[in-house]
Every structure is written in C-alpha cells, then in structure tokens.
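In: have a look at this fold, sequence not included:
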Ligand SMILES: [Fe+2]
C-alpha cells in the first residue's frame, strides 16, 4: 500500500495572514493539487496528516482544511500538533462530518496496520506521551500483531541537529522507541521538525516528513527559515521506500 504523509501546514486565521512571508493556504492548495495529480499516476490508499494543521487553532482554518482534504477523495488520518486546538478540531468534525476523515485514526490493509499516538502536551511546544497513551498504543499493536505496524505522531523522536526544534522534541522518545523495538514496529513517522530526515535503527525506519509550510534552516538555533515545502510518499511494501517531494 502507498500512503502520503503531510505535516505542519500551519494554516493561519485567513488567507491574508502570512507566516515568514509564506502564504500557507497557497502551499496547502499546491500540495492538495499535487496529491490529485499523483493519484492519477499511482494508487494512493491513505493520507496521514501529522499535526500543526493550523498555526493558532482557528475554526475557519480547520473548516478550510477538512473541506480541502475531502476534495482529495482519499481516506485520511488527522493527528493534532502543538499548534492545534483539539476542541476546535472536534467542533469542525461534528459540524462538517468530513467524508474521508478516519475518526478511529487507524487503517488496515492486508499486510499493514497504520496507527497513531498523541504526543501533545496542552500549552507546551515539546511533546510527551502519557503512560495511558503508551499503554493504549501497546494494546493496539498487540491486537494487530499479524500485521506490519507503522506508528505516526506529531513530535520527532530523534534530534535532527537543528537546536530550534530539538529543544522541543518528544521528551520521552526513549519509552516510545523501546516499545516499538519490543513489538517489532516497522515504521515511525513524525512531523514538527520542519526538516526532512530518515534513520534506520533496530530494524525500524524512522522518518520526519518535510513541512507543508516552511523548513527551518538546517542547524539553526534562531528563527531562520527556507521557503521550500513538501511531503513524503511512503511505499509500505516488503521493503519500505520513501519519496520526498519538494516544491
Ligand atoms: Fe509542531
């Protein structure tokens, strides 16, 4: 099966509000159009949106997000990031009832189990997975042990070497990585770092997808950005392969 991971869209209050001279709505529209184009040349089974859908949690931005995502006509999993407001996401889901949003956050095909874990700490930039959420994740992985498992989340689990984001990564990443190693999880997909990066550790492929909004300059410890943007296509076959698309 093939999935697309998009992350860190940071939609502002309205199209007129830019961030670092980037129009987030234009970037998101471009990505959605690209997804439609790619779907005409290859089959895409699932889209994972790994958090920071909006910059400030605005209701209108979530309305735009869900309507635009539904226009891609592909099932998608929505994960919250540190910039999101979960109550507002839920309000808009109740209001719009998006057709392609997978409310369980889980997806199975004949070989793969795709799931997520919540890493958001209310009011904080850094991430943390509560003991409850870790235990829940473990239960779901065990229940689906006949499948290969991929776990998606917002915060990155390994430093990317860019202090401005490594200072607010997933705090208890070691607990997650131990659990994933124990249960032979095959893939971990993150966002949040506004950086594209892949590691292979203990038979796990760990990936950070590039942001749809902007990237941090590699290695920076102050606010310095580059306007490139993109997303990943992940081919979940026997040997995982990953295509980073950038614009
Ligand atoms: Fe983030």
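Out: Arrived safely. These numbers were taken from a predicted model, which means no experiment stands behind them.

In: C-alpha from now on. contacts and neighbour counts both.
Out: Noted.

In: all strands for the protein, in order.
Out: 2-6, 46-50, 76-79, 107-108, 112-116, 148-152, 187-190, 197-201, 204-208, 215-216, 225-226, 230-235, 241-246 (DSSP state E).

In: mean neighbour count, mean pLDDT and distance to residue 97 added to those, as a markdown table?
Out: Shown next, in a markdown table, are the strands of the chain (neighbours: other C-alpha atoms under 10 Å; pLDDT from 0 to 100; distance: least, C-alpha to C-alpha, whole Å):
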| stretch | mean neighbour count | mean pLDDT | distance to residue 97 |
| --- | --- | --- | --- |
| strand 2-6 | 22 | 98 | 21 |
| strand 46-50 | 25 | 98 | 17 |
| strand 76-79 | 23 | 98 | 13 |
| strand 107-108 | 16 | 97 | 19 |
| strand 112-116 | 21 | 98 | 21 |
| strand 148-152 | 23 | 98 | 23 |
| strand 187-190 | 24 | 98 | 26 |
| strand 197-201 | 13 | 96 | 34 |
| strand 204-208 | 22 | 98 | 29 |
| strand 215-216 | 22 | 98 | 32 |
| strand 225-226 | 14 | 96 | 35 |
| strand 230-235 | 22 | 98 | 25 |
| strand 241-246 | 14 | 96 | 30 |
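
In: kindly reformat these as JSON lines containing distance to residue 67.
Out: Shown next, in JSON lines, are these (distance: least, C-alpha to C-alpha, whole Å):
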{"stretch": "strand 2-6", "distance to residue 67": "16"}
{"stretch": "strand 46-50", "distance to residue 67": "14"}
{"stretch": "strand 76-79", "distance to residue 67": "12"}
{"stretch": "strand 107-108", "distance to residue 67": "21"}
{"stretch": "strand 112-116", "distance to residue 67": "22"}
{"stretch": "strand 148-152", "distance to residue 67": "22"}
{"stretch": "strand 187-190", "distance to residue 67": "24"}
{"stretch": "strand 197-201", "distance to residue 67": "30"}
{"stretch": "strand 204-208", "distance to residue 67": "26"}
{"stretch": "strand 215-216", "distance to residue 67": "25"}
{"stretch": "strand 225-226", "distance to residue 67": "28"}
{"stretch": "strand 230-235", "distance to residue 67": "19"}
{"stretch": "strand 241-246", "distance to residue 67": "23"}
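
In: and residue 163, which of these is closest to it?
Out: Smallest distance to residue 163 across these (C-alpha to C-alpha): 10.0 Å, for strand 215-216.

In: contacting residues around the most centrally placed residue in the chain?
Out: The centroid of the chain falls nearest to residue 50 when counting by C-alpha atoms, centre = their mean (1.7 Å). Residue 50 makes contact with 5-8, 78-81, 152-154, 190-191 under the criterion C-alpha atoms under 8 Å, 6 or more residues apart in numbering.

In: which single one of those is nearest to residue 145?
Out: Looking across those and measuring by C-alpha to C-alpha, the closest to residue 145 is residue 152, at 16.8 Å.

In: beta partners for that closest one?
Out: residue 116, residue 189 (DSSP bridges).

In: isn't it right next to residue 116, touching?
Out: Yes - shown here, residue 152 and residue 116 form a contact pair, counting by C-alpha atoms under 8 Å, at 4.5 Å.

In: what's the burial count for the nearest residue to residue 170 once chain neighbours are set aside?
Out: Closest residue to residue 170 apart from its sequence neighbours, by C-alpha to C-alpha, 6 or more residues apart in numbering: residue 127 at 4.3 Å. Residue 127 has 25 neighbours, counted by other C-alpha atoms under 10 Å.

In: next one, pLDDT for residue 127 please.
Out: Looking at residue 127, its pLDDT is 98.

In: so it touches residue 153, yeah?
Out: No - contact between residue 127 and residue 153 fails when scored by C-alpha under 8 Å: they sit 9.8 Å apart.
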